[in-house]
Every structure is written in structure tokens, then in C-alpha cells.
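[1] return atomic coordinates for the entry below.
(one chain, ligands or ions: 1)
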Amino acid sequence: MTPIATVQRKKTLHDIPSAELAGKRVIVRVDFNVPMNGAAITDDTRIRAALETITYLIKHQAKIILLSHLGRPKGTVQEALRLTPIARHLSTLLNQRVLKSDDCIGPEVEAAILHLKNGEIILLENTRFHLEETDNNSDFAKKLAQLGDLFINDAFGVSHRADASTSGIPNYLPAIAGFLVEKELSVLTQVLNAPERPLVIIIGGAKISSKFGVLQNILGRVDTLIIGGGMSFTLLKAQGYEIGKSLYEADLLEDAKTFLENAKKSTTKLILPLDHIVVATFDNASPQQTVDTENIPNDQMGVDVGPKTIAAIQTEIKTAKTIVWNGPLGVFEMDNFANGTLEVAQMLAKSDAFTLIGGGDSATAIAKANVTDQMSYISTGGGATLEFLEGKQLPGITSLQNWESPE
Ligand code: AMP
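    Numbering: from 1, shown residues only. This next block holds a predicted model:
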């Protein structure tokens, strides 16, 4: 079977003799784009995910320069999006001082780095305070690159973006993958190119348009594809069912029909919802009923999968050896419509299969179900993981140096 994504093996921090790191100015692009409530970090998973690379660099006495974005300031300085609370939290996690600059380029940053001692860390200010970051401006990338001797990308979650701090800097500095990026790439490649079978992929979420590329790319490569959530309704409509007021993307109806035809011809078993929880208004308190797919009332919308669908998913999960999950099966943010999503989370927790959670909402659902520790691997990438599943090249990865055999 053709590989789902051909990824040239990249040079990583493991490939650099550790003795060479001492005294080197190492720029690490991390993904510290964490959810915040005022100055409080509400989930520090992304910060913790970068610790392995950072502690390794401390141990080997590099001068560590961290770069990250936070939120979408769109080229303006926004006090609420400064990285100061993140520097403080990182300092607590590492039990070590973390310096913080008020910008990510300029003379003050250069002076601070000049005084950085081996094993010390500085977190530079939000890269997106400069519009040049998301424009992937080459002068800006060059200015960032001049701050270091080596570049490490450890921000898997933004590797699908061609920003100055992800794919721009590698034009001016030797660039390699950090431990997190290495791990993400190795797990995703292994699971998708040489999985233990049966391989079951569960895809949910709101709109089919955002995941259509993935659906098309995995057809014929996975043993069972289960589609739920709002995105399933465009496919059900394409099959001729009445879907009432459920989410629907009319412009994708013809593509959906083609997809269903292709699915029939492929080796992949496609499972769409058999029944639904439906309500008249998009409101947690709205009275609900359970109906089969052929009986969705005109004035109702599907907000969760029903018990027959959950049972069908259970049957697939029981025999699966590898399960990938991306996207909720209902409006799981509302407690009354979260049942299908939480049930699937519990099934994955009980399964002996290798379970890969594709970031974003699924990771949130897993946490809500209290089973995070029972998953084999939770990707830190939402969009990046999806684009990888889609077979796309990720600019923040392709820009890194290729691995070369030592012989
Ligand atoms: P995505 O970002 O595409 O993964 O979509 C996640 C969103 O899909 C969540 O906010 C869910 O509330 C939403 N969602 C899942 N199922 C449905 C549904 N049946 N109707 C409307 N929204 C849904």
C-alpha cells in the first residue's frame, strides 16, 4: 500500500553530538500558544511538551533562546498576549530562572543574548507582535536567525504554517527537529504507514469542508472509517436522507456523492451514523429525542450520535489494533449532547489498541472524560496533524535539514 505521507527523515537533536551544544546559541521554536484566562494558564500541556528538549539543552549547557507566538495579535503589541506569565510558569516547571525580553528582535534582545550564560534560558516576546511573522518576511526571519547558531523546531502544532519563525529561519541557520517534533513525526508516520491492523479512524467535528482532504486521502488506506458529528450530515444528505435543520454544506453535496461512490469501490468500510440525538433549537436545555437516520424530523437538528451508532463504533473498536481519533461526534461542549463523544473516549480508554488522538477538540474530550492517561499518544497538533493525515507537506518540517546516514 502506498504510504499516506512520504516524509523525508529529518535531522534531530539526537543527531547532534551533545558536546557540540555547550556555549552554542540555540534558538528553539516552541508552541507556547496556551489557553489563558487573564494571566492564568488554564492548560499547560504545550509547555510541558517542550520540556524534554529544553532540559536536554540545559544539561548540555547550550544558551537557550525560546521563540513562540500567543493568540492572534496580528502585528500589534497587545498587553494581554505578552509571554511574561508563560516565562514565569516555565521557570516554576524547570525550577530555574527564565529571562524574558519585551520584543523578539532588536538591540535589547541582542544585548540580553550576549549576556546569556551557558545553560541559561531567555523567552523572547510574542513573535506575532510583528506582522512579518505570519507574512514569512525574509528580513524578519534573518533578524531572528542572527540571534542564534542553531535552530530547533519543537513546535509541531504550528509546523503546518509557513511563518518566519517556523519555515523562514531555516533559510539562514542549520535547522533540525526537537524531541517533540521527532516524536510526533515518528508516531504519525508509523501509525499511518505501517499500522498494526485493523486500523480504525474516527473523524468528527463541525464541517466536512475542513476535513474533506483527510477523508479522501485515507480512503482505501484504513480498514474502517467512522464519520460522525456535524460533518456526517452532508454525507447523509448525499445518500438521499432528509437531515432536517442539521449542519449541511450544500456546495459540497456533489463532492460528497463522489466520495461515497469512491468509498463503495474502496477496501475501506465506511460507517456513518445510524441514529441521532435531535433537538429543535441549538440549546443544551432543548428537549431531545433519539431518531434513526431515516426519521430525522424537518424541524430538528442532529447534535449527537445515538445508541445504535455508539454500538456500531464499539464493535469496530473491539477488534481494532490501531485507532486514530480526530473530532467530536456531537456538540460535546454542551453536556446534554456530549454522550456519544464521551462514550467513545471511554471505549478508547478500555481498548488494547494503539490509540492516537489527533489533538484539538478530541484531546479536550479525552480530558473531559478523564481518560487522558489511558491513551497511547495524544498529538499536540490540531491542524498540523490533520494536514499530515491529508498527506500534505508541512512547511515547518520540510524546511529542516534531512537526516544523513553517518556512513
Ligand atoms: P472541528 O473544529 O471541525 O473539529 O469541529 C468541532 C466542533 O464541532 C465542536 O465545537 C462541536 O460542537 C461541533 N459539532 C460536532 N457535532 C456537531 C453537530 N452535530 N452539529 C453542530 N456542531 C457539531
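[2] look up how far N298 lies from the residue in the stretch 101-250 of the chain that the ligand sits nearest to.
    At 2.7 Å from the ligand, G205 is the closest residue in the stretch 101-250 of the chain, using CB to the nearest ligand atom. Every C-beta, even on glycine, is put in place using the N, C-alpha and C of the backbone. G205 is 25 Å from N298, where distance means CB to CB, to the nearest Å.
[3] which one of those two has more residues nearby?
    Applying other CB atoms under 10 Å to G205 and N298 shows that G205 carries more neighbours, namely 22 against 8.
[4] show me this protein divided up by domain.
    Following automatic domain parsing, one finds the domains of the chain at 13-183, 195-390.
[5] now do stretch 341-352, average pLDDT.
    For stretch 341-352, the mean pLDDT works out to 97.
[6] can I get the helix or strand containing T258 as CSV, trimmed to CA atoms?
    Using DSSP states H and E, T258 falls within helix 253-265. Taking Å, rounded to 0.1, in the frame of the first residue of the first chain, the C-alpha atoms of helix 253-265 are listed here in CSV:
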residue,chain,number,x,y,z
LEU,A,253,-23.0,17.8,-2.0
GLU,A,254,-21.6,16.6,-5.4
ASP,A,255,-18.1,16.0,-3.9
ALA,A,256,-19.9,14.1,-1.1
LYS,A,257,-21.6,11.9,-3.7
THR,A,258,-18.3,11.2,-5.4
PHE,A,259,-16.7,10.4,-2.1
LEU,A,260,-19.5,7.9,-1.3
GLU,A,261,-19.0,6.2,-4.7
ASN,A,262,-15.3,6.0,-4.1
ALA,A,263,-15.9,4.6,-0.7
LYS,A,264,-18.0,1.8,-2.1
LYS,A,265,-15.2,0.8,-4.5
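[7] what sits up against it?
    If you take CB atoms under 8 Å, 6 or more residues apart in numbering as the criterion, helix 253-265 is touched by I208, F212, L215, Q216, L219, L225, T234, L235, K237, A238, Q239, L270.
[8] now render the residues you listed as TSV, adding neighbour count.
    Output for the contacts of helix 253-265, formatted as TSV (neighbours: other CB atoms under 10 Å):
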residue	neighbour count
I208	25
F212	18
L215	23
Q216	16
L219	17
L225	25
T234	25
L235	23
K237	19
A238	19
Q239	12
L270	18
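[9] hang on, isn't K308 packed against H276?
    No. Using CB atoms under 8 Å, K308 makes no contact with H276, being 9.6 Å away.
[10] spell out which residues are contacts of both of these two.
    By CB under 8 Å, 6+ apart, K308 and H276 have these common neighbours: D292.
[11] more neighbours: these two, which one.
    H276 (32 against 15).
[12] the one helix or strand the more buried one maps to near the ligand anywhere?
    If you go by DSSP H and E, H276 is part of strand 275-279. No. On the criterion CB under 6 Å from any ligand atom, strand 275-279 is out of touch with the ligand, staying 7.9 Å away.
[13] strands paired with the next helix or strand after the helix holding T258, and their directions?
    Counting by DSSP H and E, the element after helix 253-265 in chain order, helix or strand, is strand 269-271. Strand 269-271 has its sheet partners listed here by DSSP bridges as strand 224-227 (parallel).
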